[in-house]
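Engineer: need a structure here:
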Amino acid sequence: MGESSVRAGGGIHTWLCLPLQDTAAVAQGATISPTKVDAIMPATRTFEIVKDAAGDKIAFYNSWAENYDQVDAIMAATRTLEIVKDLFVSVHKDASVGDKIAFYNSWAENYDQDAVILDFSAPIQAVNRLTSNFTGDREAAVVLDVACGTGMVAKQMKTHGFGHFVGIDGSEGMMELARKTGLYQDLRQCIMGVEPLPVQWGSFDVVVITGALSLGHVPVPVVRELCKAAKPGGYICMTTRLDDENAEYKAALESELKRMEDEGLWRRVEVTEVKEWEKAVNEHEEGYITGFVYLYKTI
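Structural biologist: Predicted coordinates:
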């Protein structure tokens with residue numbers, strides 16, 4: 001097999017691999033239909049093929065219909081670290097609450113795979129620290145998953161024996177994917193920092209929030225609501241990152257956590273520093289940034 005260009009419906013489609021006899025036929029001016037090409041090598045469809053196909057108008061779409069559903073898969077396979085970096089930079093930019101919600105709604109379908117590309121470790125790091133210290137009945141424990149997103153934390157906690165989850169998020173698109181996991185007994189929409197958490201205080205054995213305590217997202221004072229949501233003796237697990245952009249927020253967060261401890265609202269169980277938290281996304285940073293897991297227990 002070799003690389004060739006295929007004439008189809010008047011357009012030229014590059015980077016398809018065809019059997020030698022078809023390559024020779026094309027070289028002599030023959031036309032090979034997109035349907036035949038797809039039947040010969042369905043697995044070789046690439047992002048370049050999809051882009052080229054878009055220029056061939058109605059006739060080509062008629063012949064392309066059976067492969068149209070592959071577009072999302074092809075687009076997903078070609079997502080790169082640079083694309084994901086741009087997305088993460090965009091979501092941390094100063095924008096209205098409505099704009100950010102719309103952004104997360106549109107990002108929901110690709111969020112999990114983009115987190116993998118970024119090596120985003122907050123959910124697994126938080127769950128590891130929580131489960132290492134939790135002493136209660138995991139099967140009976142009720143978990144409040146704040147900023148639950150697509151359900152990453154619940155998926156991790158399920159593998160450690162937890163099974164009762166209530167999720168809160170500002171994005172309906174994210175919550176729809178969380179709903180599809182089948183792990184949540186309830187999902188509630190809330191813009192944290194704008195609206196109070198829609199829960200009864202003192203109801204949860206565990207309250208967890210990962211990836212959302214950062215500049216431009218959940219304001220620092222919301223941690224007081226997290227504490228109120230937990231039962232006496234309940235655990236609150238939180239994360240934040242340390243990069244140039246988030247350094248001031250992190251300092252304010254830690255000051256508030258210490259203030260609440262001084263007020264007798266909770267006690268610190270542990271604070272864990274993780275060097276390879278996620279890949280750096282800012283232009284002036286390279287490699288990985290550091291993150292922190294904060295674990296507290298209410299009094």
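Engineer: what are the ranges of the strands in the chain?
Structural biologist: All strands of the chain, identified by DSSP state E, fall at 2-8, 11-18, 142-146, 164-169, 184-189, 204-209, 230-242, 266-279, 288-298.
Engineer: Run a quick neighbour tally on Ala178.
Structural biologist: When neighbours are counted by other Cβ atoms under 10 Å, Ala178 registers 25. C-beta here means a position set from N, CA and C on the backbone, and glycine is covered the same way.
Engineer: can you pull the contacts of it?
Structural biologist: When contacts are counted by Cβ atoms under 8 Å, 6 or more residues apart in numbering, Ala178 touches 148-151, 154, 167, 169, 184, 187.
Engineer: where does the stretch 151-299 of the chain have low pLDDT?
Structural biologist: Within the stretch 151-299 of the chain, not a single segment meets pLDDT under 70.
Engineer: among the strands of the chain, which is nearest Ser106?
Structural biologist: Ranking the strands of the chain by proximity to Ser106 (Cβ to Cβ) places strand 164-169 first, at 14.6 Å.
Engineer: Which elements pack onto the closest one?
Structural biologist: strand 142-146, helix 152-158, helix 172-180, strand 184-189 (3 or more Cβ pairs under 8 Å, 6 or more residues apart in numbering; DSSP states H and E).
Engineer: Could you look over the ones you listed and pick the most buried one?
Structural biologist: strand 142-146 (a mean of 25; mean count of other Cβ atoms under 10 Å).
Engineer: quick one: strands adjacent to it?
Structural biologist: Strand 142-146 has its sheet partners listed here by DSSP bridges as strand 164-169 (parallel), strand 204-209 (parallel).
Engineer: and the angle for the first one with helix 172-180?
Structural biologist: By that I understand strand 164-169. Counting by axes from the mean of the first three to the mean of the last three Cα atoms, to 10 degrees, strand 164-169 lies at 170 degrees to helix 172-180.
Engineer: related to what we said a few turns ago, which of the strands paired with strand 142-146 is buried the deepest?
Structural biologist: Greatest average neighbour count among these goes to strand 204-209 (a mean of 25), per mean count of other Cβ under 10 Å.
Engineer: Can you say which of the helices and strands packed on strand 164-169 is nearest to Leu257?
Structural biologist: Of those, nearest to Leu257 by Cβ to Cβ is strand 142-146, at 15.5 Å.
Engineer: neighbouring contacts of that closest one?
Structural biologist: Contact with strand 142-146 is made by 151, 153-154, 157, 162, 164-168, 184, 192, 197, 199, 203-209, 212, 226, 229-230, as judged by Cβ under 8 Å, 6+ apart.
Engineer: Take the helices and strands packed on strand 164-169 and write them to a markdown table, including distance to Glu283.
Structural biologist: A markdown table is the format used below for the helices and strands packed on strand 164-169 (distance: least, Cβ to Cβ, whole Å):
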| stretch | distance to Glu283 |
| --- | --- |
| strand 142-146 | 31 |
| helix 152-158 | 27 |
| helix 172-180 | 27 |
| strand 184-189 | 34 |
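Engineer: closest one to Tyr249 among the ones you listed?
Structural biologist: For Tyr249, the closest of the helices and strands packed on strand 164-169 is strand 142-146, at 16.8 Å, according to Cβ to Cβ.
Engineer: any idea how far that closest one is from the chain center?
Structural biologist: Between the centre of strand 142-146 and the centre of its chain there are 18 Å (Cα atoms, centre = their mean, to the nearest Å).
Engineer: Over to stretch 282-299?
Structural biologist: The answer for stretch 282-299 is 16 Å, by Cα atoms, centre = their mean.
Engineer: residues of it that come out buried?
Structural biologist: For stretch 282-299, a neighbour-count test (16 or more other Cβ atoms under 10 Å) marks 288-289, 291-298 as buried.
Engineer: Which member of those residues is positioned nearest Ala126?
Structural biologist: Minimum distance to Ala126 across those is 5.3 Å, recorded for Val293 (Cβ to Cβ).
Engineer: contacting residues around that closest one?
Structural biologist: Residues in contact with Val293 (Cβ under 8 Å, 6+ apart) are 125-126, 129, 237-239, 271-272, 274.
Engineer: Same question for Arg267.
Structural biologist: When contacts are counted by Cβ under 8 Å, 6+ apart, Arg267 touches 261, 296-297, 299.
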